[in-house]
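Asker: give me a 3D structure for the following:
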Amino acid sequence: MNRRQALGCAAALALPSITVGRERRWARLPDLPAGLAGQFVGVHDGALIVAGGSYFSVPSWSGGQREWSAKAFLLSQPNGEWRDVSLPVSLAHGSAVSHRRRVLLIGGTDPGGYQRKCWWLRSIGREARLDAAPDLPTPLAYCGGALVGDTAYVFGGQTSPTATHAERALYSLDLARPSANWRVEREFPGTGRIYAAVASAGGRLFVAGGASLSAGPDGKPQRTYLRDAWSYHPGEGWRALPDLPGLTCAAPSIGVGDRFAILGGSDGSLDARVMELKDRHPGFPRAIRVYEPARNAWQSHGEVPFSLVATMAAAWRGRVVIPGGEDRPSHRSRAVWAVEIKEFNDARK
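Answerer: Modelled structure (predicted):
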């Protein structure tokens, strides 16, 4: 065993673990310095990066308003310490795609509204650098993004806080071409949606769940939770998949090999009781659902040991990592959860 392997083993042993569902072992990594939701999560130069995000200093039921973070937090080792870096902008609730040269931050919101702007984020030593990337064709928040090969895709979302319909558009950006701009792909044949689970696996883009928008009795946007699922084959188009076993929205998701994993998510069952429950809200469903292309079916993979929505999952150092998120309405978590990717492979046996 060389020194690097020994350090890796020591780091793994230093992390507490928990067994849930089908003997999958989840571990707690060092907590984030601040509780956040809607943060951009990516990996660059070996570091896990959590950028931006939103939080409530006072709960919404007590008159609190959403606030935005203008910081990035970087973690170089699973048993290391987070370091924080100030960003020139505050942003949240867009999407992020990790590429070998940088992390692409896509759209989102800031105190001024919904954004078309995109940014390149890079880890440089102990610092982070933010550079302008090509603008989206339209403002987008609550969208989902993923990387297929060298192409970044962003799907769905909404264009303003008063929008009473969600977007169906799929946009792509060729990250191998420095001069490239976003292009319009084949329009999604299903219902437009926000907060869909979006990930890439096996050279395809996957989309599932989320919520559609419509005008409520007061004219304001209201959500309808969804359970349909789709895949997009570049150059071929969209294909309908079997529906999810249940409704899910704002769930972290990730591609593992050729499979598409959705980790928890909100089913909307307690949305109408938020003002009644307040801090007694029990959190969100925890089911792990994995789409298996070989079976063309969703499989149950037990549960996650956390209730986190409005966050992202990233692959980092052989692990699936989920940093922070909303663990109940108006409350953000500092917890960072991780599981080794091989645990998903073991669960198939």
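Asker: touching, Gly283 and Arg328? I think so.
Answerer: Yes - counting by C-beta atoms under 8 Å, Gly283 touches Arg328, with 5.2 Å between them. Yep, even glycine has a C-beta here, placed from its N, CA and C like the rest.
Asker: who touches both of those two?
Answerer: Listed as contacting both Gly283 and Arg328 by C-beta atoms under 8 Å, 6 or more residues apart in numbering are Ser307.
Asker: the more surrounded of these two?
Answerer: Remark: of Gly283 and Arg328, Arg328 carries more neighbours, 21 against 18, as counted by other C-beta atoms under 10 Å.
Asker: now do the same for the more buried one: its pLDDT.
Answerer: According to the prediction, Arg328 has pLDDT 96.
Asker: low-confidence stretches in the stretch 201-349 of the chain?
Answerer: Within the stretch 201-349 of the chain, the stretches with pLDDT under 70 are 346-349.
Asker: all helices of it, in order?
Answerer: For the stretch 201-349 of the chain, the helices defined by DSSP state H, counting those that start in this stretch occupy 274-277, 342-346.
Asker: and of those helices, who's closest to Phe188?
Answerer: Phe188 lies closest to helix 342-346 among the helices of the stretch 201-349 of the chain, at 27.0 Å (C-beta to C-beta).
Asker: check which residues of that closest one are buried.
Answerer: Across helix 342-346, burial judged by 16 or more other C-beta atoms under 10 Å covers 343-344.
Asker: which strands and helices sit next to that helix?
Answerer: Judged by 3 or more C-beta pairs under 8 Å, 6 or more residues apart in numbering; DSSP states H and E, helix 342-346 is in contact with strand 24-29.
Asker: what about the helix or strand that the strand it packs on is followed by, distance to the chain center?
Answerer: Next in sequence after strand 24-29, counting helices and strands by DSSP states H and E, comes strand 40-44. Computed by C-alpha atoms, centre = their mean, to the nearest Å, the chain-centroid distance of strand 40-44 equals 10 Å.
Asker: which other residues reach strand 40-44?
Answerer: Applying C-beta under 8 Å, 6+ apart, the contact partners of strand 40-44 are 48-53, 91-92, 94-98, 101-105, 108, 121-123, 311-316, 321, 323.
Asker: what strands line up against the next helix or strand after that strand, and which way round?
Answerer: Using DSSP H and E, the helix or strand that follows strand 40-44 in sequence is strand 47-51. Note on strand 47-51: by DSSP bridges, its sheet partners are strand 40-44 (antiparallel), strand 71-75 (antiparallel).
Asker: just to revisit the earlier point, buried among the contacts of strand 40-44? Make that a PyMOL selection.
Answerer: Listed next is the PyMOL selection for buried residues among those, using 16+ other C-beta under 10 Å:
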select buried, resi 48+49+50+51+52+53+91+92+94+95+96+97+98+102+103+104+105+108+121+122+123+311+312+313+314+316+321+323
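Asker: so which of the contacts of strand 40-44 belong to strands?
Answerer: 48-51, 95-98, 102-105, 121-123, 314-316, 321, 323 (DSSP state E).
Asker: picking that back up, can you list the strands paired with strand 47-51 in TSV and add mean pLDDT and mean neighbour count?
Answerer: TSV is the format used below for the strands paired with strand 47-51 (pLDDT from 0 to 100; neighbours: other C-beta atoms under 10 Å):
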stretch	mean pLDDT	mean neighbour count
strand 40-44	97	23
strand 71-75	96	23
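Asker: out of these, the one nearest Ala250 is which?
Answerer: Ala250 lies closest to strand 40-44 among the strands paired with strand 47-51, at 13.9 Å (C-beta to C-beta).
Asker: export the strands paired with strand 47-51 to a markdown table and tack on distance to Leu241?
Answerer: Formatted as a markdown table, the strands paired with strand 47-51 follow (distance: least, C-beta to C-beta, whole Å):
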| stretch | distance to Leu241 |
| --- | --- |
| strand 40-44 | 25 |
| strand 71-75 | 34 |
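Asker: figure out which of those is closest to Glu276.
Answerer: strand 40-44 (31.9 Å).
Asker: tilt between the closest one and strand 102-106?
Answerer: 160 degrees (axes from the mean of the first three to the mean of the last three C-alpha atoms, to 10 degrees).
Asker: return strand 40-44 as CSV; C-alpha atoms alone will do.
Answerer: Extracted in CSV, the C-alpha atoms of strand 40-44 (Å, rounded to 0.1, in the frame of the first residue of the first chain):
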residue,chain,number,x,y,z
PHE,A,40,-24.6,24.9,-7.3
VAL,A,41,-22.6,21.8,-6.8
GLY,A,42,-19.6,20.7,-8.9
VAL,A,43,-16.1,19.2,-9.0
HIS,A,44,-13.0,20.8,-10.4
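Asker: what comes up buried for stretch 227-239?
Answerer: Neighbour counts using 16+ other C-beta under 10 Å place 227-232, 238 of stretch 227-239 among the buried residues.
Asker: which of these sit farthest apart?
Answerer: Longest span within the buried residues of stretch 227-239, C-beta to C-beta: Arg227 and Tyr232, 18.0 Å.
Asker: so what pairs up with Trp119 in the strands?
Answerer: Leu105, Ala132.
Asker: return the residues in contact with it.
Answerer: Trp119 neighbours (C-beta under 8 Å, 6+ apart): 89, 91, 104-105, 130-133.
Asker: how near is it to Leu32?
Answerer: 20 Å (C-beta to C-beta, to the nearest Å).
Asker: doesn't Leu213 make contact with Lys220?
Answerer: No - between Lys220 and Leu213 there is no contact under C-beta under 8 Å: 9.9 Å.
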